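A.B. asks: Take this sequence and fold it.
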Amino acid sequence: MLVTSRKDAPDAIAAGSRSALGYTSSMEYVISARRLSAAAYPICPPHRITPVPPMPPLRHLVVKPDLRCTARCPTCKLRRDLHRSAQVEPQLTLDDWARILAHAAGLGVRQLDMSGGEPTLYAHLADLVRLGKRHGMKTQLNTNGSLLGRMDLEALVSSGLDRVMISLYSARPETHDAMRALPGLWDKATSAIRQAAGLHDRFPHLEIITQTLLCAENLLELPEILQLQLELGSQGTMLSYLEGNLTGEALLPQDLVEVFQGKVQPRLVAFATRLPFPVRLLARRQVRRLFSRRRLSLEEWSTAHYHDGPANCPIPREMALVLANGDVHPCNVVEYTHEPVMGNLLDQELPTLWQGEAWQAYRRHPPPHCCFCPMLDQVFVPLVNPSRTAVLAAVRRRLRL
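C.D. replies: Numbering: from 1, shown residues only. Below you'll find the model as predicted:
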């Protein structure tokens, strides 16, 4: 039984014993793609999915402590509708978050992403970072940069923030601001990236990466976007395909994808080739994965039909997403479909939900809307050479040491 509302959750959730904490999924790379820095990003072909035990440990927790947002991106309409309705419900307190993170640590969480909405609107964001670090989690902030002033970022880094990912959708202010429906955001986002890069000497552990959503508005200028991100100080960029486009309003025309493959991609390869050795080897390989003809047909890319719903998808086996109202989602696409919700942490506990029958059923039988989820296809392009420490860490992770 899948839960479609908070009311249904108690009947569908069955308690279970804690999972073994020593398990490591062979697809951890794929789940971790959007949170890895250029310094430690391993290469792995997409969709090489290996069957995993039915009760794996929870590895990755995405929290959304504030569902308000400073931008109004047209591509986020379905998500924004969900967030708007959730904002009128009771919200998790800092004490609630402390309880949730303690339970998450017990389940094996090693990565904590703080997202939104716009997470910098949350008044206790630094406290949330400290709570994550207290439990040994690597912490990442996903932000549009609109409110990320230098002093705010310094406070977050001092609290233990490990990585900041700032969205930048265009090299042109007018294009970026139109895509985010917020005039002046390009100036704030570029300033935030530059300021974050300026903190690296004082906080060498801080990783600064950027994110770009690939749409018709910016697809042909992607080489210029990557060049700008490099100049601003980004260590790498996550290139994201359109997510949750269930209404079909922002699809890419086939001829545009064809132009990208024929004219833009060679320029991306040339950009990657100009990067220093050895990062250029990985960067070149990564940009060649974009809109790959070997991966999907032109029609599939242009309809955002990424797969037929892969069996044993690793995302609901290793990740949980928690909204500010306490609702728990088993994967990213539920923010667009609005169901099924696994339960609510205002009156339930995360271990009970994670080990319950509803989540197990979701893992066994992915819903049909999975085909519109590109999370396994995101492409991370490193822009700077990794440090020796990060290279060794990546090798250890690949060898499972």
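A.B. asks: Every contact and neighbour count from this point should use C-alpha atoms.
C.D. replies: OK.
A.B. asks: Just give me the neighbour total for the closest residue in space to residue 253 that isn't next to it in sequence.
C.D. replies: Spatially, and ignoring its direct neighbours in sequence, residue 253 is nearest to residue 302 (5.6 Å; Cα to Cα, 6 or more residues apart in numbering). Here the number of neighbours of residue 302 (other Cα atoms under 10 Å) works out to 21.
A.B. asks: Surely residue 302 touches residue 250?
C.D. replies: No - Residue 302 is beyond contact range of residue 250, at 9.7 Å (criterion: Cα atoms under 8 Å).
A.B. asks: Who are the contact partners of the residue nearest to residue 253?
C.D. replies: Counting by Cα atoms under 8 Å, 6 or more residues apart in numbering, residue 302 touches 251-254, 257.
A.B. asks: Show the buried residues in those.
C.D. replies: Buried subset of the contacts of residue 302 (neighbour count, 16 or more other Cα atoms under 10 Å): 251-252, 254, 257.
A.B. asks: Find the pair from these with maximum spatial separation.
C.D. replies: Pairwise distances across these (Cα to Cα) peak at 10.5 Å, for the pair 251 and 257.
A.B. asks: want to try JSON lines for the buried ones among the contacts of residue 302, with secondary structure and distance to residue 376 as columns?
C.D. replies: Output for the buried ones among the contacts of residue 302, formatted as JSON lines (DSSP: H, G, I helix; E, B strand; the rest coil; distance: Cα to Cα, whole Å):
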{"residue": "251", "secondary structure": "coil", "distance to residue 376": "19"}
{"residue": "252", "secondary structure": "coil", "distance to residue 376": "19"}
{"residue": "254", "secondary structure": "helix", "distance to residue 376": "22"}
{"residue": "257", "secondary structure": "helix", "distance to residue 376": "19"}
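A.B. asks: how deep is residue 146 tucked in, by neighbour count?
C.D. replies: By other Cα under 10 Å, 24 other residues sit near residue 146.
A.B. asks: mind checking the SS state of residue 247?
C.D. replies: coil (DSSP: H, G, I helix; E, B strand; the rest coil).
A.B. asks: State the pLDDT value of it.
C.D. replies: Residue 247 carries a pLDDT score of 73 in this model.
A.B. asks: So residue 223 belongs to a helix, correct?
C.D. replies: Yes - under three-state DSSP, residue 223 sits within a helix.
A.B. asks: wouldn't it be in contact with residue 264 here?
C.D. replies: Yes - applying Cα under 8 Å, one finds residue 223 in contact with residue 264, separated by 7.5 Å.
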